[in-house]
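Visitor: Sharing a model prediction with you, sequence too.
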Amino acid sequence: MPQDPFVAVIRMQGIIASGGRGQALNDQGLAPLIERAFGRGKPKAVALVINSPGGSPTQSSLIAARVRRLADEKKVKVYAFVEDVAASGGYWLACAADEIWVDENSVVGSIGVISASFGFQDFIARYGIERRVHTAGKSKSMLDPFRPEKEEDVARLKVLQEQIHDAFIAHVKRRRGDRLADEDLYTGDIWVGDRARDKGLVDGVGHVVPKMKELFGKRVRFAVYQQRRPLLARFGASLVGGALGELELRAEHARYGL
């Protein structure tokens, strides 16, 4: 008797960042899950359930590239399902899929690059603190937050941002192709639900279980893969790190009104 078809579901939730910052999404942490999702059995499809306001462009690119490599090797179609938000790096991940589906309230887009920091030079001067920096290489101390901002440093940063922005745009165009509206979608703006579909950024409104049942039958099964919190964190042994990670996540979501 033939087995019921199954879909491998990879949950991707959180800020995209290298290292072990809370529940951050990165290639090192997701690699084993992605490899198992494509490699165990013969899934009819792989579904990415995404809820991410973005983060590191490099980690976004690495994760998306891994998904595409395995999808091509295994000849498995990939579907992305957006929950609250897939913006900036989160949308980069969604574009790794062959189709993108959203809730009517999902926020997507923000195809741009942002860099944020603080300037503390007046604060330390007020308390009589002197900043001493010695470098070999004139750009080694670029954008030091404890020194006044320099126009040439900002100009260099913008050049770097443009390079990353160009790579992001190329990725979206390569993956979405002629589905994209014939207009400038790369200003960092965001869209919700059906408006995102009108722009060609997504394929429509749909949720993972009903959409997979529609495509593969009512008897389709699901194998879910998601990152687990470290054992010590589950028992409250990293409260400070967890609290900071939660604040960072809330701040990133707040940028999109969530």
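Guide: In hand now; what should we look at?

Visitor: ok, and for stretch 25-34, which residues are buried?
Guide: Applying a neighbour-count criterion of 16 or more other C-beta atoms under 10 Å, the buried positions in stretch 25-34 are Leu25, Asn26, Asp27, Gly29, Leu30, Leu33, Ile34. The way it works is simple: take the backbone N, C-alpha and C, and place the C-beta from them, glycine included.

Visitor: quick one, what contacts the third one?
Guide: If you count contacts by C-beta atoms under 8 Å, 6 or more residues apart in numbering, Asp27 has them with Gln59, Leu62, Ile63, Arg66.

Visitor: now, which of the residues you listed lie within helices?
Guide: Gln59, Leu62, Ile63, Arg66 (DSSP state H).

Visitor: Pull out the buried members of the residues you listed.
Guide: By neighbour count, with 16+ other C-beta under 10 Å, the ones in helices among the contacts of Asp27 hold Gln59, Leu62, Ile63, Arg66 as buried.

Visitor: Of the residues you listed, which is the nearest to Cys95?
Guide: Set against Cys95, the nearest of these by C-beta to C-beta is Ile63 (11.2 Å).

Visitor: Would you agree the closest one is in contact with Ala96?
Guide: Yes: here Ile63 lies in contact with Ala96, judged by C-beta atoms under 8 Å, at a distance of 7.4 Å.

Visitor: The closest residue to Tyr225 other than its chain neighbours and Val9: what is the separation?
Guide: Leaving out its chain neighbours, the residue that sits closest to Tyr225 by C-beta to C-beta, 6 or more residues apart in numbering is Leu33, at 4.2 Å. If you measure Leu33 against Val9 using C-beta to C-beta, to the nearest Å, the figure is 10 Å.

Visitor: and what of Ala65?
Guide: Distance, Ala65 to Val9, using C-beta to C-beta: 20 Å.

Visitor: Farthest-apart pair in the buried ones among the ones in helices among the contacts of Asp27, please.
Guide: For those, and using C-beta to C-beta, no pair is farther apart than Gln59 and Arg66, which are 10.7 Å apart.

Visitor: JSON lines for the ones in helices among the contacts of Asp27, including distance to Gln163 and pLDDT?
Guide: Rendered in JSON lines, the data for the ones in helices among the contacts of Asp27 read as follows (distance: C-beta to C-beta, whole Å; pLDDT from 0 to 100):
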{"residue": "Gln59", "distance to Gln163": "17", "pLDDT": "95"}
{"residue": "Leu62", "distance to Gln163": "17", "pLDDT": "97"}
{"residue": "Ile63", "distance to Gln163": "20", "pLDDT": "98"}
{"residue": "Arg66", "distance to Gln163": "22", "pLDDT": "98"}
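
Visitor: can you redo those as JSON lines with distance to Lys42?
Guide: Formatted as JSON lines, the entries for the ones in helices among the contacts of Asp27 read as follows, by distance: C-beta to C-beta, whole Å:
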{"residue": "Gln59", "distance to Lys42": "29"}
{"residue": "Leu62", "distance to Lys42": "26"}
{"residue": "Ile63", "distance to Lys42": "23"}
{"residue": "Arg66", "distance to Lys42": "19"}
